[in-house]
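**Q** This is the structure alone, sequence omitted:
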């Protein structure tokens, strides 16, 4: 089993399809030590977990996708007791670690977003490359993307596309969805992708499919990905011991903004005493130290070997001994759609 940038991690039964992004940098940021206890909150194909086990660590791995958990059992068997894999949401990682007797943790790593395997499975409805049911549910439960497009009003659909996908043509696409669904609701990936390409074609020079941002937005809404990400950061704060490391690898600006703001605010930045009003209480001591030089980006060799790495950013922090803080309403607002304004439409 080899570990390194752009190298596939061999699991029992053959190589995995998913190449972990910024693997060497994540391991360095985690400051991995033998016999330390680490939690991989986004197991996927097991790339980070494999690398941690190879370094002598004990690993608790979590994935909300039951297919990923089932596929990972071979890796669990090959780990000789060093890897425990459970189905669950990483927003509950502190409760999972306590239940397994693994807290306090020495490190938490999060590779945020959808795994390559989920994109490759046509039936999941994540990818534009296959015609499939418009599903996008990681756990197979709850409302699907098709349900959202059938049930929500035009303004809500437009808000989802704009705020979660940064789609410039959000209102135009939402208007078409609501008009069409009266006679032909959107139930397949190709059906939706073709409509978006028609009403909001790619601009000159754009290399991605014009439906890419809309698909991202729907996936985030279906799975509450931003809310789960913030929940995972807060759970890591509760589960890590002093000196433990939190590492998060993100793949688009919405995710990165949440991680950046969380670490900055938990590190107490921007809380200079001179800016406080007279009588205002002093800010809480920092719960994380966030070293300078972030975000960490893939180098040219990794970009050449793994196209998935092109938008990746890694941020990390080191836990202090300060007790975990309460939820931060300003960061929580980044995970939700903005409230409707009167007269907006």
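**A** Alright, I've got the coordinates. These numbers were taken from a predicted model, which means no experiment stands behind them.
**Q** strands paired with the longest strand seen in the chain, and their directions?
**A** The longest strand of the chain (DSSP state E) is strand 240-250. Sheet pairing of strand 240-250 (DSSP bridges) gives strand 105-111 (parallel), strand 313-319 (antiparallel).
**Q** tilt between the helix or strand following that strand and strand 313-319?
**A** For strand 240-250, the following helix or strand on the C-terminal side (DSSP states H and E) is helix 253-266. Angle of helix 253-266 versus strand 313-319, following axes from the mean of the first three to the mean of the last three C-alpha atoms, to 10 degrees, is 20 degrees.
**Q** other SSEs contacting helix 253-266?
**A** Secondary-structure packing of helix 253-266 (3 or more C-beta pairs under 8 Å, 6 or more residues apart in numbering; DSSP states H and E): helix 225-239, strand 240-250, strand 313-319, helix 329-333. C-betas here are computed from N, CA, C, even on glycine.
**Q** and among the strands paired with strand 240-250, the most buried is which?
**A** Greatest average neighbour count among the strands paired with strand 240-250 goes to strand 105-111 (a mean of 27), per mean count of other C-beta atoms under 10 Å.
**Q** And the contacts of it?
**A** 20-21, 26, 30-33, 36-42, 44, 47-48, 52, 57, 60, 90, 93, 97, 229, 232, 236, 239-241, 243-249 (C-beta atoms under 8 Å, 6 or more residues apart in numbering).
**Q** avg pLDDT for it?
**A** Taken as a whole, strand 105-111 has an average pLDDT of 97.
**Q** Please apply the same query to stretch 315-330.
**A** 96.
**Q** List of residues touching it?
**A** So stretch 315-330 is contacted by 29-30, 234, 237-238, 240-248, 250, 256, 259-263, 265-267, 284-291, 294-296 (C-beta under 8 Å, 6+ apart).
**Q** among these, which ones are buried?
**A** With burial judged by 16 or more other C-beta atoms under 10 Å, the buried subset of the contacts of stretch 315-330 is 29-30, 234, 237-238, 240, 244-248, 250, 256, 259-263, 265-267, 286-290, 294-296.
**Q** got a list of what residue 85 touches?
**A** Residue 85 touches 43, 49, 61, 62, 63, 69, 72, 73, 75, 76, counting by C-beta under 8 Å, 6+ apart.
**Q** The residue lying closest to residue 241 once chain neighbours are set aside: neighbour count?
**A** The shortest distance from residue 241 to any non-neighbouring residue, by C-beta to C-beta, 6 or more residues apart in numbering, is to residue 104 (3.2 Å). When neighbours are defined as other C-beta atoms under 10 Å, residue 104 has 16 of them.
**Q** same question, residue 217
**A** Neighbours around residue 217, by other C-beta under 10 Å: 25.
**Q** my read: it touches residue 158, true?
**A** No - using C-beta atoms under 8 Å, residue 217 is not in contact with residue 158, being 10.1 Å away.
**Q** Pull out the buried residues from stretch 150-157.
**A** 152, 157.
**Q** Identify the structural domains in this protein and state their residue ranges.
**A** If you go by automatic domain parsing, the domain ranges for the chain are 10-116+225-333, 129-223.
**Q** Dump the ones you listed to a markdown table, plus distance to residue 339.
**A** Output for the domains of the chain, formatted as a markdown table (distance: least, C-beta to C-beta, whole Å):
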| stretch | distance to residue 339 |
| --- | --- |
| domain 10-116+225-333 | 10 |
| domain 129-223 | 10 |
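**Q** now, which of the contacts of residue 85 lie within helices?
**A** Counting by DSSP state H, the contacts of residue 85 place 49, 69, 73, 75, 76 in helices.
**Q** Of these, just say which sits nearest to residue 195.
**A** Comparing the ones in helices among the contacts of residue 85 against residue 195 with C-beta to C-beta places residue 69 closest, at 34.8 Å.
**Q** ok, the residue nearest to that closest one when sequence neighbours are not counted to residue 235 distance?
**A** Distance criterion C-beta to C-beta, 6+ apart; nearest residue to residue 69, sequence neighbours excluded, is residue 87 at 4.6 Å. Distance, residue 87 to residue 235, by C-beta to C-beta, to the nearest Å: 16 Å.
**Q** out of those two, which sits in the busier spot?
**A** residue 235 (24 against 15).
**Q** give me every residue that touches the spatially most central residue of the chain.
**A** Most central in the chain under C-alpha atoms, centre = their mean is residue 112, positioned 2.3 Å from the mean C-alpha point. Applying C-beta under 8 Å, 6+ apart, we find residue 112 in contact with 42, 225, 229, 248, 249, 250, 251, 255.
**Q** same question, residue 173
**A** Neighbours of residue 173 in contact, by C-beta under 8 Å, 6+ apart: 157, 158, 161, 167, 195, 196, 199, 200, 214.
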